[in-house]
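A.B. asks: sequence-free structure coming up:
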């Protein structure tokens, strides 16, 4: 069966520091991968998605970037974190467009 | 873009009660999912239901695509049902799940 892993579970970072969050999927090939952010405990917003290695689409302009160096690996990065980057970040996968998306357990990011 | 509205925003029940959560969406969709977010933040898939009716134990869901709404039924609620329930939709040709603001359910013993 397919599983999705995200780490770390929680992270506290100072303003201006870099960020790297990692997500990996097991048990499937060439999945669609997604990064979402949830602020203030309600509603998720899509940040990035990828339909293949090296293919990244950005949904909203922001201080973050994403990369997909391997088929089942998706990385969320920032060179310099802002206070507004605080939130709950979730990675998700699906077999293809318009099929169910399955979410990881998330990373709770606090910026001080 | 497509709009997703969930109601009610908050719901408080006594254990054993039944409830109905509603999701309205403003355009046709190819994907509709219901999720339960537990107090630890985990987002649990409940149903993938772009149309029709499905049941899983005490939970069932119905989507009437032509009228652009979906309903989630919870019967004989338990305290472990507490959390936030999200409806999310995806339109044809889009990779984006658009989420509603959720219904926060509290089930008291």
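C.D. replies: Everything's here; your move. Keep in mind the model is a prediction, meaning the values are calculated, not measured. Residues are numbered from 1 along each chain as shown, chains lettered A, B, ... in the order given.
A.B. asks: Which SSE is immediately downstream of the worst-scoring helix or strand of chain B on mean pLDDT?
C.D. replies: For chain B, the helix or strand with the lowest mean confidence is strand B:98-99, at a mean of 94 (criterion: mean pLDDT, DSSP states H and E). Using DSSP states H and E, the helix or strand that follows strand B:98-99 in sequence is strand B:103-108.
A.B. asks: what comes into contact with stretch A:13-28?
C.D. replies: Residues outside stretch A:13-28 that contact it (Cβ atoms under 8 Å, 6 or more residues apart in numbering or on different chains): A:1-8, A:11, A:31, A:33, A:35, A:64, A:72-83, A:85, A:89, A:91, A:93, A:95, A:104, A:107, A:109-112. Just so you know, the C-beta spots here come from the backbone N, C-alpha and C atoms, and that holds for glycine as well.
A.B. asks: Near chain B, list only the ones from those.
C.D. replies: Near chain B, judged by Cβ under 8 Å from any Cβ of the partner chain, there are no entries from those.
A.B. asks: quick one on the thing from earlier: the least confident helix or strand of chain B vs chain A: in contact?
C.D. replies: Yes. Applying Cβ under 8 Å from any Cβ, one finds strand B:98-99 touching chain A at residue B:99.
A.B. asks: Point out the other elements, helices or strands, that that strand touches.
C.D. replies: strand A:42-52, strand B:83-90 (3 or more Cβ pairs under 8 Å, 6 or more residues apart in numbering or on different chains; DSSP states H and E).
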